[in-house]
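Engineer: Pasting a predicted model and its sequence here:
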Amino acid sequence: MVDLSALNPFGPPKPLRGVLAIYDNPDTLIHAAGKMREAGFTNADAYTPYPVHGLSEALGVKKSWVPYVTLVMGLSGAILGLFFEIWTSAIDWPINVGGKPFVSLPAFIPITFECGVLLGGTMTLGALLFACGLPNFRAPILDRSLTDDRFALFIPDSGPSYNENRAIQLLQSSGSPDVRVIRA
């Protein structure tokens, strides 16, 4: 088997440790995520079989910066496309076609729009991959069938406020039937 971790441009993956709690319904998961945040645990992650409304707020997930990349790159693409059209038709290769002006903005709008969509879309994909930490060459730490019909909350070993025993007690008191310590 080929070791893909050697191809990781971000260096070798750090070992992952933490506490995983499994829940049977989304309401219990949201309640546990709120309790976890109140207790001072950070960087928690939730695994669900479908999107759960209110889970992002309960986990304290911050607003993404990816839409700003889309806006800036989309406008940049539109401006570059318009500049290229104006430069080509009015400065570099001016040809009088049927008496129309060299800078004919109504004729330039479709290409300007498409250049904005092209640059905005491709840069959004790049920013999304970067924001999600992809490609991820780590081996999965969880059972892949976990999100078939169950919900999970993972508190990683990060930050000075992490205490494994306190995390286990908190997750057990939140109604989880199964709490596991992950050392991968």
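Structural biologist: Received it, and whenever you're ready, just let me know what you need. Numbers count the residues shown, from 1 in each chain.
Engineer: Model confidence at Val2, what's the number?
Structural biologist: For Val2, the model assigns a pLDDT of 45.
Engineer: before we move on, what about Pro26?
Structural biologist: Value for Pro26, per-residue pLDDT: 95.
Engineer: number of nearby residues for it?
Structural biologist: By other Cβ atoms under 10 Å, 18 other residues sit near Pro26. Placement of C-beta: from N, CA and C, glycine included.
Engineer: for the closest residue to it other than its chain neighbours, helix, strand, or coil?
Structural biologist: Spatial nearest neighbour of Pro26, chain neighbours left out: Val52 (4.5 Å); criterion: Cβ to Cβ, 6 or more residues apart in numbering. Three-state call for Val52 (DSSP: H, G, I helix; E, B strand; the rest coil): coil.
Engineer: Tell me which residues touch Val52, please.
Structural biologist: Pro26, Leu29, Ile30, Ala46, Phe151 (Cβ atoms under 8 Å, 6 or more residues apart in numbering).
Engineer: What about those residues, which one has the most neighbours?
Structural biologist: Leu29 (28 neighbours).
Engineer: pretty sure that one belongs to a helix, no?
Structural biologist: Yes. Per three-state DSSP, Leu29 lies within a helix segment.
Engineer: As CSV, the contacts of Val52 with distance to Arg144 would be great.
Structural biologist: As requested, the contacts of Val52 are arranged in CSV below (distance: Cβ to Cβ, whole Å):
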residue, distance to Arg144
Pro26, 20
Leu29, 19
Ile30, 23
Ala46, 16
Phe151, 15
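Engineer: Go through those and say which is closest to Val69.
Structural biologist: The closest of those to Val69 turns out to be Ala46 (Cβ to Cβ; 25.0 Å).
Engineer: just checking, next helix/strand downstream of the helix or strand harbouring that closest one?
Structural biologist: Element membership for Ala46 (DSSP states H and E) is strand 45-47. Next along the chain after strand 45-47, taking DSSP H and E as the criterion, comes helix 55-59.
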